[in-house]
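Engineer: no FASTA, just this:
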């Protein structure tokens with residue numbers, strides 16, 4: 001069975017998010033001493049740790065989706081919600097700009113669209129069927145040769 005195009009797109013999006021967060025973690029690590037000179041060393045450490053964690057998380061989700069594994073689908077469903085929650089916690093606690101409150105409604109709509117879009121694609125009937133078919137094929141392949149239904 002062929003991987004659905006939406007799953008391919010979500011796997012690539014997960015990979016891009018992993019790369020983006022790896023870049024953020026690397027930049028934060030490189031700028032640690034500079035940030036520490038301003039007394040903001042703790043947020044720098046947090047940026048490195050959070051960036052590394054999201055890199056691993058989204059890389060795993062992308063791999064699971066690419067391989068059409070049920071755990072990859074579940075991982076992405078959880079990861080996208082957790083990522084957006086993380087975004088909003090960071091935004092509401094760390095951002096100190098004059099225009100932050102002005103952009104909040106638009107960002108909330110974008111967040112909602114991202115979560116609904118990812119969940120919609122992964123709960124789409126054709127997508128769910130593809131994951132079920134791949135899981136079923138994997139479970140049959142895992143059976144010993146004499147236990148295959150085709151050998152009855």
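Structural biologist: Received, thanks. What you are looking at is a predicted structure, and each value in this text was computed from that prediction instead of being measured. Numbers count the residues shown, from 1 in each chain.
Engineer: quick check, central residue of the chain?
Structural biologist: With distances taken as C-alpha atoms, centre = their mean, residue 58 lies nearest the centre of the chain, 3.9 Å away.
Engineer: mind checking the SS state of that residue?
Structural biologist: Under the three-state scheme (DSSP: H, G, I helix; E, B strand; the rest coil), residue 58 adopts helix.
Engineer: that one contacts residue 17, doesn't it?
Structural biologist: Yes. Taking C-beta atoms under 8 Å as the definition, residue 58 is a contact partner of residue 17 at 4.2 Å. For glycine as for every other residue, the C-beta is placed from the backbone atoms N, C-alpha and C.
Engineer: tell me the buried residues in the helix or strand where residue 79 lies?
Structural biologist: In the assignment (DSSP states H and E), residue 79 maps to helix 70-94. Neighbour-count burial for helix 70-94, counted by 16 or more other C-beta atoms under 10 Å, picks out 72, 73, 75, 76, 77, 79, 80, 83, 84.
Engineer: contacting residues for residue 64?
Structural biologist: Applying C-beta atoms under 8 Å, 6 or more residues apart in numbering to residue 64 gives the contacts 71, 72, 73, 75, 76.
Engineer: distance of it relative to residue 32?
Structural biologist: Here residue 64 is placed at a distance of 32 Å from residue 32 (C-beta to C-beta, to the nearest Å).
Engineer: same question, residue 96
Structural biologist: Here the distance between residue 96 and residue 32 works out to 20 Å (C-beta to C-beta).
Engineer: which of the two has more neighbours?
Structural biologist: Per other C-beta atoms under 10 Å, whichever of residue 96 and residue 32 has more neighbours is residue 32, with 16 against 6.
Engineer: so that one touches residue 44, yeah?
Structural biologist: Yes. Taking C-beta under 8 Å as the definition, residue 32 is a contact partner of residue 44 at 4.7 Å.
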